[in-house]
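K.L.:
Sequence plus predicted model, see below.
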Amino acid sequence: IVAAMSTAQSLLPPITAVDHSQPLPLSFNQQRLWFIQQMEPASSAYNMPVALRIRGTLNADALEKAFQQMMARHAILRTRFVSIDANPVQVIDDNVSWQLGRQIINADSEQAQKAAVTQIAAQQAALPFDLASGPLLRATLYQLGNDDHVLVTVMHHIISDGTSVSFFLVLISCTTLVCS
């Protein structure tokens, strides 16, 4: 195996950084998702929502800072998909202004809170993204009590998949701890 890997390494060109100052081509999957969104711009079919219940002490400012640091670190989270001469391209913005949405849920009972969060999360998931405007990530922290929150994150599938969403949430958790 080692011999095969060293042979393969000598045959493959080195991986080089891509110049982000120019529009970049889309992958085949991104082209497909971009085309579908052009046909149905009000569709949320390719939104990827995740809701996390967070019990315990939470520093919401640190959570917001963690999201901002992730966006600064990962170009795909700052990427917009625009049309130039009728061809879709990726444009990676240097900086993106982003804020964590925050809302307090007041309800008479735990059941009413759960119903309210479920309804709001469904509404968040149903909001379409504008691929040309970005960012293609939004998150809102719903406070149910002093030490009880629900974080609803929605990404467009053009910038993520199930595995990357899971990995992203782990990184957000770790980065939030560091930012606290």
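P.N.:
Now that the structure is in, tell me what you want to look at.

K.L.:
shouldn't residue 79 be in contact with residue 91?
P.N.:
Yes - between residue 79 and residue 91 there is a contact under CB atoms under 8 Å: 6.9 Å. For the C-beta atoms, the positions are set from N, CA and C on the backbone; glycine is no exception.

K.L.:
of these two, who's got more company?
P.N.:
When neighbours are counted by other CB atoms under 10 Å, residue 79 and residue 91 differ, and residue 79 comes out ahead with 22 against 17.

K.L.:
got the contact list for the more buried one?
P.N.:
Shown in contact with residue 79 (CB atoms under 8 Å, 6 or more residues apart in numbering): 90-93, 134, 136, 159.

K.L.:
I'd like to know which of the residues you listed are buried.
P.N.:
Buried subset of the contacts of residue 79 (neighbour count, 16 or more other CB atoms under 10 Å): 90-92, 134, 136, 159.

K.L.:
could you dump these to CSV with distance to residue 58?
P.N.:
As requested, the buried ones among the contacts of residue 79 are exported to CSV (distance: CB to CB, whole Å):
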residue, distance to residue 58
90, 34
91, 34
92, 31
134, 27
136, 25
159, 26
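
K.L.:
Closest one to residue 105 out of the residues you listed, please.
P.N.:
Proximity of these to residue 105 (CB to CB) peaks at residue 136, which lies at 25.8 Å.

K.L.:
I figured that closest one hits residue 153, correct?
P.N.:
No - the pair residue 136 and residue 153 fails to qualify as a contact (CB under 8 Å) at a distance of 11.6 Å.

K.L.:
What does the pLDDT read for the nearest residue to residue 104 once chain neighbours are set aside?
P.N.:
Nearest non-adjacent residue to residue 104, counting by CB to CB, 6 or more residues apart in numbering: residue 143, 4.7 Å away. Confidence at residue 143, expressed as pLDDT, is 95.

K.L.:
got it, and residue 4?
P.N.:
In this prediction, residue 4 has a pLDDT value of 56.

K.L.:
rewinding a little: out of the buried ones among the contacts of residue 79, which one has the weakest pLDDT?
P.N.:
Least confident by pLDDT among the buried ones among the contacts of residue 79: that is residue 134, with 91.
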